[in-house]
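>>> Give me a 3D structure for the following:
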Amino acid sequence: MLALVLSALLGSQLATGPINGERAVEIDGRRGAQSWESGPVAARPGQKYLLRWRTRFHGEKAWRFRARFCGVQVTFQGDAGERLGSVRQHSSAWQTPDWRPAWCLFSTPEGTSAVAIAFALETGETLPGGFDVDGLELSPWPPEPQAGSCLLSLRLEDEERQPVAARLRIANAAGEAIVPPGAIAYDRLAGAFHPLEEGACHALVPPGRYTITAARGFEVEPWSGVVEAHEGRLEVTVRLRRLWDWRQRGWLAGDHHTHLFRHGGSLFPSLTWRDALRAARAEGLDFLPFMGADRCPPEPIETLARELRRPDFVAELTDEITEDFWGHVCPVGASEESRRDPRYDAGPMNFDRHAAIAGAGGILCYGHPYGPLEDGDGLEPLADLKSGLVAREFPIDLALGMPCGVDLLTMEGDRNRLERKLRDVYRLYNLGFRPALTAATDFHVNQGRQPFGAVRTYVRSGALDLGVIAAAYRAGRTFATNGPLIDLRVAGAGPGEQVVLPSAGERMQVTVEAVSIGRLERVDLIVNGGVVQSFTAGEPHRIAGECEVPAPASLWIAAKAIGPADERLASALERRPLGAGQIAHTSPVYVIVAGKPILAGQPSDADYFARWCDAVLAAWKARVAAQPEEAKHDALVTERIERARGVFRELGARLGTR
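Presented below is the predicted three-dimensional model:
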């Protein structure tokens, strides 16, 4: 291990309060562009190195968006000092709770004899923030075992012995968690972590007995083992076995609401979007529309394509649209070109943003939609201009003909409002609307609380392609889950699909299957919002059933799997209860009889959403009064809300004359 003392300063200042008594570098945007660079440090060619340091970020939130580059650069040099290339690692962190660990893993090219390490803030303007650096260390990776220690090396692989990403926990005989360098550790999971690399984990540990556990999503059997570590080296193979393969049925899992540095308090300020994608793969996700990319990194298209489109995983770099008045939405499958449409940023409503991405086949999913709404039918928060993080626009969009998803399971408020959300979406289905049921975490990987995918959306797309996946979202071929996997078929059709019957009275064959790594209790078959049959577990981890359902009129059918809480699955998100131990809920299969639309609700259902529109209109008028610049949108927005209210009033009248 080579320790580099930060003493030579090139255009930067000394930081106060260094962590180890040495001189630390302060790179402060208030003094413009700055950098510090080491002299040449001897390095071997073709060698992997781990660069580690301590850092703290500080300042106002906005500065992280404005720096052209903020982070570390490693330059490779040949024998004659010639430049052989470099690697750069940018950070969009803006604040840390005092000093935090940071790292960069890199490999030297052939011909390397030395490296130079630089920290820089590149900007064309003064910035209200910066970062400090201290305790810089460079060492070969994996590390060499030291006297009195053991290098515990884990190989992580699937049944075909291919390397895979996974979440690990290593505990000593006292139950204390061991977290190796470069790991993303989670405090809600007692120190479980995502290791620095996919397929491998290296940790220097004292000799002794260690318990190792590994997990990789909802379809893979959790692994555990006990090992005895002696001085020297110990290699352990962790083989993760897939219990169920929902991909073979066409289902793919994703988490469409995830972040990296949106808030302060970063525990891991050197993470990049690549680390977020690796964390998603470690949780068994198949796709990730990543909301944490504040801007697309300046890299060659071919390099980005290799990261974003792998044979077993696809991702896109995008942003959550944080419109507090109308509701936050997460775009899925929106092309770069469609995001440049002026309507995408300017609005004035999410309806306009959808219009911008609809041509590319994209969809908007409403995240944390019910934050300030309480149990019951009260709509007062919708009319209160001060209420934020609520999807005011959600039913209005549906009435105006816009397809969208709504997160049934997510982190919002003090709890998830599960029962109210179910009651409302059942009302909407009974009125003939077709929102897709979805789930997403809204987690920030840099804050180390819980990993991505604790709740997730499964889409039946059949192809690992974001365009095809977005189309499946739009069609409602989805189920939301925090653990159980579910598969519903109605006369061969799955969620989001339609069964067409020529006349009333026919009976349809319905089959359902649910599985979970936790114990299951039952699967409810739901028709027009009511449970018509429950199937109970013949096996602890699997429920299967079939029955016939008559179709006296057009209707919808969905399935819900229920099980008790399981310590390996999340029944709360960042200590906010989800409302059930284990739950999975499908979007409906729609049955159309004699060409007639589904109209199975009560007049009170339509009246509820008409009153929703009234409450939103009151809030909008208050917004225009408080923000006169919004007056230019008043006529358009008012017309849309009143048109949506008219749709619900008309549905109520039709239901009243049945």
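>>> quick one: buried residues of stretch 63-79?
Trp63, Arg64, Ala67, Phe69, Cys70, Gly71, Val72, Gln73, Val74, Thr75, Phe76, Gln77 (16 or more other C-beta atoms under 10 Å). Yep, even glycine has a C-beta here, placed from its N, CA and C like the rest.
>>> For Ala440, state which of these is nearest.
If you rank these by distance to Ala440 using C-beta to C-beta, Arg64 comes first, at 23.3 Å.
>>> what about the residue nearest to the closest one when sequence neighbours are not counted, how many neighbours?
By the measure of C-beta to C-beta, 6 or more residues apart in numbering, the closest residue to Arg64 outside its immediate chain neighbours is Trp94, 4.0 Å from it. Neighbour count of Trp94, defined by other C-beta atoms under 10 Å: 28.
>>> returning to that earlier point: in strands, which of the buried residues of stretch 63-79 fall?
If you go by DSSP state E, the buried residues of stretch 63-79 have Phe69, Cys70, Gly71, Val72, Gln73, Val74, Thr75, Phe76, Gln77 in strands.
>>> Just give me the closest of these to Pro597.
Cys70 (54.2 Å).
>>> which stretches of the stretch 101-250 of the chain form strands?
Along the stretch 101-250 of the chain, counting by DSSP state E, counting those that start in this stretch, strands occupy 114-122, 129-140, 150-157, 167-172, 177-178, 184-186, 192-194, 200-205, 208-215, 223-229, 232-239.
>>> residue contacts, Glu539?
Applying C-beta atoms under 8 Å, 6 or more residues apart in numbering to Glu539 gives no contacts.
>>> Show me which parts of the helix or strand harbouring Leu428 are buried, residue by residue.
Assigned by DSSP states H and E, Leu428 falls within helix 418-430. Within helix 418-430, the residues scored as buried using 16+ other C-beta under 10 Å are Leu418, Arg420, Lys421, Leu422, Arg423, Asp424, Val425, Tyr426, Arg427, Leu428, Tyr429, Asn430.
>>> That helix packs against which elements?
The contact analysis (3 or more C-beta pairs under 8 Å, 6 or more residues apart in numbering; DSSP states H and E) places helix 418-430 against helix 394-399, strand 405-409, strand 555-563, helix 603-626.
>>> Now the ones you listed in JSON lines, please, with extra columns for distance to Ala253.
JSON lines is the format used below for these (distance: least, C-beta to C-beta, whole Å):
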{"stretch": "helix 394-399", "distance to Ala253": "24"}
{"stretch": "strand 405-409", "distance to Ala253": "13"}
{"stretch": "strand 555-563", "distance to Ala253": "15"}
{"stretch": "helix 603-626", "distance to Ala253": "31"}
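>>> what's the most buried one of the ones you listed?
Most buried of these, by mean neighbour count (mean count of other C-beta atoms under 10 Å): strand 405-409, with a mean of 29.
>>> and that strand, what's its mean pLDDT?
Strand 405-409 shows a mean pLDDT of 98.
>>> Low-confidence ranges, the stretch 151-300 of the chain, go.
Scanning the stretch 151-300 of the chain for pLDDT under 70 picks out the ranges 294-300.
>>> returning to what we had before: where does the residue nearest to Arg64 sit, in terms of helix or strand?
Trp94 belongs to no helix or strand, assigned by DSSP H and E.
>>> From Phe131, how far out is it?
The gap separating Trp94 from Phe131 is 9 Å, by C-beta to C-beta, to the nearest Å.
>>> The chain: helices as residue ranges?
Using DSSP state H, the helices of the chain run over 63-66, 273-282, 301-308, 336-339, 342-346, 350-358, 380-383, 394-399, 418-430, 466-475, 603-626, 634-656.
>>> now those helices as TSV including distance to Gly135?
Formatted as TSV, those follow (distance: least, C-beta to C-beta, whole Å):
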stretch	distance to Gly135
helix 63-66	23
helix 273-282	21
helix 301-308	30
helix 336-339	40
helix 342-346	41
helix 350-358	45
helix 380-383	48
helix 394-399	49
helix 418-430	46
helix 466-475	41
helix 603-626	49
helix 634-656	54
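>>> To Trp103, which of those helices lies closest?
helix 273-282 (10.2 Å).
>>> chain center to the closest one: distance?
Offset of helix 273-282 from its chain centre (C-alpha atoms, centre = their mean, to the nearest Å): 10 Å.
>>> Can you give me the buried ones in that helix?
Quick answer for helix 273-282 (16+ other C-beta under 10 Å): Trp273, Asp275, Ala276, Leu277, Arg278, Ala279, Ala280, Arg281, Ala282.
>>> For that helix, enumerate the helices and strands it packs against.
Using 3+ C-beta pairs under 8 Å, 6+ apart, helix 273-282 sits against strand 192-194, strand 287-290, helix 301-308, strand 313-317.
>>> For Met349, find the nearest of those.
strand 287-290 (21.1 Å).
>>> Give me the residues contacting the closest one.
Against strand 287-290 from outside (C-beta under 8 Å, 6+ apart): 252-256, 258, 273, 276-277, 280, 313-318, 330-333, 452, 464, 466, 469.
>>> Buried ones among those residues?
Looks like these have 252-256, 258, 273, 276-277, 280, 313-318, 330-333, 452, 464, 466, 469 buried, using 16+ other C-beta under 10 Å.
>>> Wait, Thr213 touches Ala166, no?
No - with contact defined as C-beta atoms under 8 Å, Thr213 and Ala166 do not form a contacting pair (9.9 Å).
>>> Which of the two has more residues huddled nearby?
Neighbours of Thr213 and Ala166, each counted by other C-beta under 10 Å, are more numerous for Ala166; the result is 28 against 18.
>>> So that one versus Ala276, what's the distance?
Ala166 is 16 Å from Ala276, by C-beta to C-beta.
>>> As CSV, the buried residues of helix 418-430 with pLDDT and distance to Ala572 would be great.
Compiled in CSV, those are given as follows (pLDDT from 0 to 100; distance: C-beta to C-beta, whole Å):
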residue, pLDDT, distance to Ala572
Leu418, 97, 12
Arg420, 97, 17
Lys421, 98, 16
Leu422, 98, 18
Arg423, 98, 21
Asp424, 98, 22
Val425, 98, 22
Tyr426, 98, 24
Arg427, 98, 27
Leu428, 98, 27
Tyr429, 98, 27
Asn430, 98, 30
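>>> Closest to Val499 out of those residues?
Tyr429 (14.8 Å).
>>> separation between the closest one and Gly529?
Counting by C-beta to C-beta, the separation of Tyr429 from Gly529 is 7 Å.
>>> Quick check: neighbours shared by the two?
Ala600.
>>> Check whether Ile363 really touches Ser338, as I assumed.
No - the pair Ile363 / Ser338 is not scored as a contact, 11.6 Å apart, by C-beta under 8 Å.
>>> So these two - more neighbours on which side?
More crowded of Ile363 and Ser338, by other C-beta under 10 Å: Ile363, with 28 against 20.
>>> which ones are touching that one?
Neighbour list for Ile363: Pro331, Val332, Gly333, His354, Ile357, Pro403, Cys404, Gly405, Ala436, Ala470, Tyr473, Arg474 [criterion: C-beta under 8 Å, 6+ apart].
>>> Show me which pair in the residues you listed is furthest apart.
Ile357 and Ala436, at 15.3 Å, using C-beta to C-beta across those.
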